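In: For reference, the sequence and a predicted model appear below.
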Amino acid sequence: MQAIDMNSEEFQTELKKTEKFVDKVYESKGWVPNPIEDVNEGVTMGLARNKLIYGKRFCPCFMVIGETKEEQKAADNRICPCKPAIEKEIPEDGLCHCGIFCTPEYAAAQAKSEEIEEVVHAHSRGLTKDEAEMLVTKDQLDGDELEALMEARDLGMVSFTLIDVREQMEYNQAHIVGTDALVSTSNFYAGIEEFKDKQSEAIIVYCLSGSRSYQVQQAMGTLGFKQVSNLAHGIGSFRGKTQSV
């Protein structure tokens with residue numbers, strides 16, 4: 001395997017060529033860079049490295065199979081921009097596997113998500129209505145995110161149902177202020193029947209560690225609930241108000 005000196009003139013020249021190549025792909029395909037600049041930089045460097053080693057810009061996120069050019073061609077290694085990205089990944093997911101090429105819609109949503117993350121974890125300000133409505137659709141929430149959503153709900157910016165899925169004695173010991181219902185996992189299927197009219201509404205579930213509530217989240221999905229979020233690390237990760245009975 002050829003060793004590449006990233007500081008060499010040869011690599012820096014190829015890196016500039018690769019940067020131009022990437023820019024042309026953006027322009028020709030209507031794609032945009034990933035909002036996370038480290039992703040773009042890392043992938044571009046990997047493409048330049050592969051170009052020097054193999055003579056082709058193989059995707060740096062995958063192993064290059066084959067010792068000779070003939071073997072590499074027969075192995076159908078991904079060459080950027082690769083066919084799976086063009087035909088499936090970007091149309092379906094909004095970005096390629098390596099993450100350097102994104103649809104404008106995905107990039108905008110990702111940038112917004114990054115901004116929300118900064119707001120809820122730095123506690124620099126409260127959420128806006130749009131931010132709250134976006135955050136409540138997130139599959140896995142952390143304690144700061146749920147706390148921010150509880151504040152936003154109190155202000156009438158967002159609507160959701162908060163369900164504790166632990167057992168009664170755990171709920172009595174401590175539960176999140178604003179919890180709307182207790183649906184214990186030991187009686188889950190009977191208890192969740194009461195919420196069939198909320199199948200299209202936002203629901204957040206939590207337990208002690210996030211494990212039981214994750215199982216409940218998956219089960220609710222099979223029962224037709226469309227928007228269920230899980231407090232990933234349970235009530236122990238929540239720094240907002242709790243109370244006991």
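Out: Everything's here; your move.

In: Just the mean pLDDT for the longest helix seen in the chain, thanks.
Out: Identified as the longest helix of the chain according to DSSP state H is helix 9-29. Mean pLDDT, helix 9-29: 97.

In: And the contacts of the very next helix or strand once past it?
Out: Next along the chain after helix 9-29, taking DSSP states H and E as the criterion, comes helix 37-54. Residues outside helix 37-54 that contact it (C-beta atoms under 8 Å, 6 or more residues apart in numbering) are 1-2, 4, 6, 10-11, 14-15, 17-19, 21-22, 33-34, 56-61, 64, 69, 72, 80, 98-100. C-beta coordinates here come from the backbone N, C-alpha and C atoms, glycine included.

In: starting at the chain centroid, how far to helix 37-54?
Out: Chain-centre distance of helix 37-54: 23 Å, with C-alpha atoms, centre = their mean, to the nearest Å.

In: which of the residues in that helix are buried?
Out: 39-40, 42-52, 54 (16 or more other C-beta atoms under 10 Å).

In: Stretch 130-147 now?
Out: For stretch 130-147, the neighbour count (16+ other C-beta under 10 Å) marks 131-136, 138, 141-147 as buried.

In: Phi, psi for residue 155 please.
Out: phi -90, psi 0 (degrees, to the nearest 10).

In: check contacts around the nearest residue in space to it that is not next to it in sequence.
Out: Distances taken as C-beta to C-beta, 6 or more residues apart in numbering put residue 126 closest to residue 155, at 7.4 Å, once the chain neighbours are dropped. Shown in contact with residue 126 (C-beta under 8 Å, 6+ apart): 119, 148, 151, 152, 155.
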